[in-house]
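Chemist: Generate coordinates for the sequence data below:
(one chain, ligands or ions: 1)
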Amino acid sequence: MMPVMIIFDVDRTLTRSKLPANSEMVKALSELLATKRVGIISGDSLSILKRDIVSLLPVESDFGNLFLLPTSGAALYVWKQEDWHEVYAEILTGEDTSKIGGMIRSACEETGLIDLSAPSYGERIEYRGAQVTLSALGQQAPIEEKEKWDPNGSKKRALRDAIARLLPEYDVKTGGSTSVDVTRHGVNKAYGIRRLSEHLSIPISEMLYVGDALYPEGNDEVVGETGIATRQVSGPDETLQIISEYSNG
Ligand SMILES: [Mg+2]
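Modeler: Residues are numbered from 1 along each chain as shown. The predicted model follows:
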C-alpha cells in the first residue's frame, strides 16, 4: 500500500522521550512533506509539538501538508496564511478540570505512589486545555529519572486504573513513560484520526499510522479501532527507515 497520508506518534516514535527531534528526523520529515500529507499526534500540548518538532523543520518545508493533533487528538491545527489555525478543540470546562484535578490527587494518595507534597521537576498536574496530564515526577523530569521510577510500567498502570475508577465519565490513558492523560470520553487518538480523515476527505484506508506502542495496553493501541494500517517501531531509528520507504512518491 502507498498511503497518501502518514500519521506519527511522537514520544519514542519521532523523538526520544521528551527530547526534541534530532537533525536526521527533522530532515526526513521535511523531505516527506514534499510528497505526502503528514499528521503528528501526541499527548503533548501544541506548544511542545511546536518546540520539539515543528520549529526545527527547515523554513522551506511544505507546512501546508502538516497536521498537528496535540493532547491525544483532542484538537487539530492546520497551517494557513503562515500560522497554525484550530480546526477543532475539545476543551475541558473549568468544572471538568477541577473535578479531574481533585480525583488525580485522590488517586495519588490512595495508591501511595506519588507524594504530591514532595519536590518535583516542574508541575505534576498540568492543564492542557483539552487534557489534564499527571506526570509522576513532574513535567521536566530527566529521562533517566523517569526510566528508573517505573521500569516496567506497573506504577503508571496502577495510577491509570485508580484514576479511571474515580473518573468513569472520562477517558483515562497512560501517556509518556511516567504520565497519565485524562480527556473527554471518546476523545483519543482514534477520534483524532477520524476527525482528520473527515477534515481532509481522505479515507482512513489511505492512511498509515506509525507508533511505538501499538501493543495491548500501549498508548497507540486505540488507533486500531479506526481500521488504519499500522507500523510498529522500536524508536526513532526505525521510524527513519519507514520514512525513507515513502519519501519518493
Ligand atoms: Mg509513543
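Chemist: Number of residues surrounding the residue lying closest to G153 once chain neighbours are set aside?
Modeler: Once flanking residues are discounted, G153 sits nearest to T174: 7.3 Å by Cβ to Cβ, 6 or more residues apart in numbering. C-betas here are computed from N, CA, C, even on glycine. Applying other Cβ atoms under 10 Å, we find 20 other residues in the vicinity of T174.
Chemist: Tell me how far T174 lies from G43.
Modeler: T174 is 9 Å from G43, where distance means Cβ to Cβ, to the nearest Å.
Chemist: Over to E109?
Modeler: When distance is defined by Cβ to Cβ, E109 is 23 Å away from G43.
Chemist: Which pLDDT does the model give the residue nearest the centre of the chain?
Modeler: Closest to where the C-alpha atoms of the chain average out (Cα atoms, centre = their mean) is S42, at 1.4 Å. pLDDT, S42: 94.
Chemist: So which residues on the protein come close to the ion?
Modeler: D9, D11, R12, D212, A213 (Cβ under 5 Å from the ion).
Chemist: Of those residues, which is the nearest to R194?
Modeler: The nearest member of those to R194, counting by Cβ to Cβ, is D9 at 16.5 Å.
Chemist: List the contacts of the closest one.
Modeler: The neighbours of D9, taking Cβ atoms under 8 Å, 6 or more residues apart in numbering as the test, are I41, S42, K189, Y209, V210, G211, D212, A213, N219, D220.
Chemist: who's L76 bridged to?
Modeler: Y88 (DSSP bridges).
Chemist: who's more crowded, E109 and G43?
Modeler: A count of neighbours by other Cβ under 10 Å puts G43 above the other of E109 and G43, at 27 against 13.
Chemist: what's the closest non-adjacent residue to that one?
Modeler: Excluding its sequence neighbours, the residue lying closest to G43 (Cβ to Cβ, 6+ apart) is G175, at 4.1 Å.
Chemist: phi, psi of the one you found?
Modeler: phi -110, psi -120 (degrees, to the nearest 10).
Chemist: Any figure for the gap between it and D150?
Modeler: For G175, the distance to D150 equals 12 Å [Cβ to Cβ].
Chemist: helices or strands next to the top helix by length along the chain in the packing?
Modeler: Once the chain is assigned using DSSP state H, the helix that runs over the most residues is helix 94-111. With contacts taken as 3 or more Cβ pairs under 8 Å, 6 or more residues apart in numbering; DSSP states H and E, helix 94-111 sits against strand 125-127, strand 132-135, helix 154-166, strand 179-184.
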